[in-house]
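Chemist: A predicted structure for the sequence below; I have some questions about it.
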Amino acid sequence: MTSYSDNRPPTLADQEAVLARHAAERVKLERVESLAKTMDAAFNVPGTNIPLGVDTLVGLVPGIGDTVSLGIAGYIASHGIGLKARKRHMVTMGGNIFVDWLIGLVPVIGDLFDIGWRGNLRNAALLRRVTEQRWAEERVAVGIIDHD
């Protein structure tokens with residue numbers, strides 16, 4: 001966020017810079033959400049409304065599948081750094097990943113847990129929430145009033 005320590009009011013250029021940065025961040029956030037959906041809820045079990053994703057399918061391969069999913073989950077969470085998530089949010093995302101990975105190592109139980117836990121979607125939703133909150137604060141700081 002731009003600092004106005006010289007007591008100057010925000011300018012139109014400041015507003016445009018904030019909006020441009022938010023637009024670029026929105027694209028990143030949408031990519032994260034798309035990947036999370038692919039991993040956790042890409043399709044429904046035929047004849048049901050139960051969503052499954054690639055994470056559940058690769059998790060069927062003992063040990064290796066959950067480790068591959070761990071890497072993708074880490075990639076999703078790493079976007080929190082670029083989206084300026086606070087440390088406590090990064091820790092929460094890490095906890096979601098750890099729980100998903102640890103329980104996922106248990107055959108069958110881990111696969112069933114994946115269906116309900118959806119750690120990637122949890123992390124994407126957390127990133128959306130904290131990023132939109134930061135955007136609102138930054139817009140107010142430069143004099144942009146959102147009409148939601």
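Modeler: Everything's here; your move.
Chemist: how close does the residue nearest to the spatial centre of the chain sit to residue 75?
Modeler: With distances taken as C-alpha atoms, centre = their mean, residue 124 lies nearest the centre of the chain, 2.3 Å away. Distance, residue 124 to residue 75, by C-beta to C-beta, to the nearest Å: 12 Å. Every residue, glycine included, has its C-beta placed from N, CA and C.
Chemist: Overlap in contacts, the two.
Modeler: residue 35 (C-beta atoms under 8 Å, 6 or more residues apart in numbering).
Chemist: for the protein, which spans come out with low pLDDT?
Modeler: 1-6, 63, 147-148 (pLDDT under 70).
Chemist: Let me see the ranges of the strands in it.
Modeler: With DSSP state E as the criterion, the chain has strands at 43-44, 51-52.
Chemist: Turn the ones you listed into JSON lines, columns for mean neighbour count.
Modeler: Formatted as JSON lines, those follow (neighbours: other C-beta atoms under 10 Å):
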{"stretch": "strand 43-44", "mean neighbour count": "12"}
{"stretch": "strand 51-52", "mean neighbour count": "16"}
